[in-house]
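>>> just coords:
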């Protein structure tokens, strides 16, 4: 099962190539942020929270929603560990 998982933007690597680094519960991963662009400009910045699915930042969310979502996923027990492991193993886009 693949879930969207909240991550916090910690670095904009290359805006032209739509690349950023997010931190998910302390694990950092490069993701594609191209879906969060408007008029060729990123709509995100360092510190923002996004919902990540299959290596893509799908949606910008607020910190409260991110924490709530992470809490729900962690309540699922081993499913959270599997998703976090999948997040680490996914190749960058």
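Nice, I can see it. Only a predicted model underlies this, so the values are computations on that prediction, with no experimental measurement involved.

>>> Relative to the whole chain's centre, how far out is the longest strand along the chain?
Assignment by DSSP state E gives strand 5-14 as the longest strand of the chain. Offset of strand 5-14 from its chain centre (C-alpha atoms, centre = their mean, to the nearest Å): 6 Å.

>>> One more: stretch 43-54?
Here stretch 43-54 is found 5 Å from its chain centre; the criterion is C-alpha atoms, centre = their mean.

>>> So for residue 65, what's the pLDDT?
As predicted, residue 65 sits at a pLDDT of 94.

>>> Could you do residue 9 as well?
Value for residue 9, per-residue pLDDT: 97.

>>> gap between the closest residue to it other than its chain neighbours and residue 12?
Nearest non-adjacent residue to residue 9, counting by C-beta to C-beta, 6 or more residues apart in numbering: residue 48, 4.9 Å away. C-beta coordinates here come from the backbone N, C-alpha and C atoms, glycine included. Noted for residue 48: a distance of 10 Å to residue 12, by C-beta to C-beta, to the nearest Å.

>>> can you tell me how far the residue of the chain positioned farthest from its centre sits from residue 48?
In the chain, the residue that sits farthest from the middle, by C-alpha atoms, centre = their mean, is residue 39; the gap is 21.5 Å. Look at residue 39 and residue 48: by C-beta to C-beta, they are 18 Å apart.

>>> so where's this structure uncertain?
Within the chain, the stretches with pLDDT under 70 are 1-3, 77-81, 83-84, 87-93.

>>> Which residue ranges of it form strands?
5-14, 19-24, 27-32, 37-38, 41-42, 49-53, 56-61.

>>> Can you tell me which of those is nearest to residue 74?
Ranking the strands of the chain by proximity to residue 74 (C-beta to C-beta) places strand 5-14 first, at 10.7 Å.
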